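In: I would like the atomic coordinates for the input below:
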Amino acid sequence: MPPVTSRRRRRPGRTAAVWILVGPYTVFLAIFGLAPAGYALWTSLVEDGSFSGGHWAAVFDDYRLGDAAAHVTTYLLLWLPILLLTVLSLAFTLHVRPGRMTSALQLVYYLPGAVTGSAAALLWLFMVSPDSSPFSPLLELMDVKSATDALSGGSLVAVLTVMGVAVHAGGWIVVLYGALTALPKDVLEAAQVDGASAWRTMWHVKLPLVRTYVAFVLISSFASGSQVFVEPTVLSTGAPGQISPTWSVNQLAYVYATQDGDFGKAAALSLAMLAVGVLAAWIVITRTRMYATHSPDSR
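Out: You can find the predicted model right below:
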C-alpha cells in the first residue's frame, strides 16, 4: 500500500482534472436546468401575489390529466421493452458476427434515426396513408382506407411505437456496439475457453459489463418517451378529430400555457413530469448500480 502522503499528493491534480471536465457542464446545468426549474417552482406556487397550491390542485383535478397519463403510460409500456429488445439483440448480433458488413449495417440501422421530430412524424403520416404509402397493399389488407383509420382508437399507440423504435433504435445500437467492442478481450476469451455458449456469454459476461450503457439507454428513452409531444401533434393533422390536442401530458402542459394562458398550471405539470423522470432515473441507477466504481485508493 502506498504511503498516505503520496496519495494526498495525487488528489489535488485529480480533483482539478475532474472540475475541468465537469465544470462547464455544471455551469450550463445551473443556468439552463436548475434556474428554469426554480423559476417554474416559483410560478407554480405563486398566485395573485401570494403563495398558494391552487395551480397544483387545479392540475390534478383536471379530468384530462388522467387520460393523458394513461396514454403516455401505455405508450411507454409498449415502446420501451420493444426498443430495448431491438437495441440489445441487434447490437449483440453485430458483436458476435463482426465482418465487412458491420459498418454498413450500423449505417442502415442509424439512417431512420437521422429523420427525427416533426420530419419523422410527417414521414410516418405518409407511411400510414394508403394513397401515398409504399405499403398500401398491406394497409388495404388490414382494411385501412385512410390515415384516419390508421390513427384512430388504439392504433395511434402502435404507430407511435413503430415510429419511436425506428427513430431511436439506430443511434442506441451504434452506442451499445461501441461499448461492446471496448470490452476486455481476455474476459471474453476466458468465457470461450470455459465452454460458454454465445447466449451464456452474452447474458452472464457481456450484459453485466455494459449495464451502465443499458441503464443510460433506459433513462434517456424514458425521459423522451414520457415527454412525447411532436409526434401526436403532427399526426393529428392527418386524422382531424381523432387525436385529442391533450393526448399526452406534455401536450396538456402546452395547452395550459398557450391556449389557457395559465403558466402556473403549465409550470406545475412540467415539474410533476420532471419529478417522475427523476424518480425513474433514480430507480434505474440504484437497481443497476450505474455509478458503482472501484477506486484505486480503496485497494
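In: buried set for the one helix or strand Val214 maps to?
Out: Element membership of Val214 [criterion: DSSP states H and E] is helix 211-226. Neighbour-count burial for helix 211-226, with 16 or more other C-beta atoms under 10 Å as criterion, is recorded at 212-219, 221-223, 225-226. Every residue, glycine included, has its C-beta placed from N, CA and C.
In: can you check stretch 84-99 too?
Out: 84, 86-88, 90-92, 94-95.
In: and which of those is nearest Phe126?
Out: Thr86 (22.9 Å; C-beta to C-beta).
In: grab the nearest non-local neighbour of the closest one.
Out: Among residues not flanking Thr86 along the chain, Ala169 sits closest, at 4.9 Å (C-beta to C-beta, 6 or more residues apart in numbering).
In: narrow the buried residues of stretch 84-99 to those in helices?
Out: 84, 86-88, 90-92, 94-95 (DSSP state H).
In: quick one, what contacts Ser146?
Out: By C-beta atoms under 8 Å, 6 or more residues apart in numbering, the contact list for Ser146 reads 129-131.
In: quick one, helices of the stretch 51-200 of the chain?
Out: 54-61, 63-96, 101-110, 117-127, 136-141, 147-151, 155-181, 185-193, 198-201 (DSSP state H, counting those that start in this stretch).
In: where among the ones you listed is average confidence lowest?
Out: In terms of average pLDDT, helix 101-110 trails the rest of those, at a mean of 68.
In: for Leu84, list the residues it contacts.
Out: Counted by C-beta under 8 Å, 6+ apart, Leu84 has contacts 214, 217-218, 221.
In: rewinding a little: of the contacts of Ser146, which is the nearest to Ala182?
Out: Checking the contacts of Ser146 one by one against Ala182 (C-beta to C-beta), the nearest turns out to be Ser129, at 43.3 Å.
In: which elements pack onto whichever strand or helix holds Leu271?
Out: Following DSSP H and E, one finds Leu271 within helix 263-288. For helix 263-288, the packing partners by 3 or more C-beta pairs under 8 Å, 6 or more residues apart in numbering; DSSP states H and E come out as helix 35-45, helix 54-61, helix 211-226, helix 249-258.
In: farthest-separated two in the buried residues of helix 211-226?
Out: So, the buried residues of helix 211-226 by C-beta to C-beta: farthest apart are Thr212 and Ser226, at 21.5 Å.
In: now pLDDT and distance to Gly33 too, for the buried residues of helix 211-226, in TSV please.
Out: What follows is the buried residues of helix 211-226, written out as TSV (pLDDT from 0 to 100; distance: C-beta to C-beta, whole Å):
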residue	pLDDT	distance to Gly33
Thr212	91	22
Tyr213	92	23
Val214	93	24
Ala215	93	20
Phe216	93	18
Val217	94	21
Leu218	94	21
Ile219	94	15
Ser221	94	19
Phe222	95	18
Ala223	94	13
Gly225	93	20
Ser226	94	17
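In: can you redo the residues you listed as a markdown table with distance to Ala147?
Out: Shown next, in a markdown table, are the buried residues of helix 211-226 (distance: C-beta to C-beta, whole Å):
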| residue | distance to Ala147 |
| --- | --- |
| Thr212 | 41 |
| Tyr213 | 37 |
| Val214 | 35 |
| Ala215 | 37 |
| Phe216 | 35 |
| Val217 | 31 |
| Leu218 | 32 |
| Ile219 | 33 |
| Ser221 | 26 |
| Phe222 | 29 |
| Ala223 | 29 |
| Gly225 | 23 |
| Ser226 | 26 |
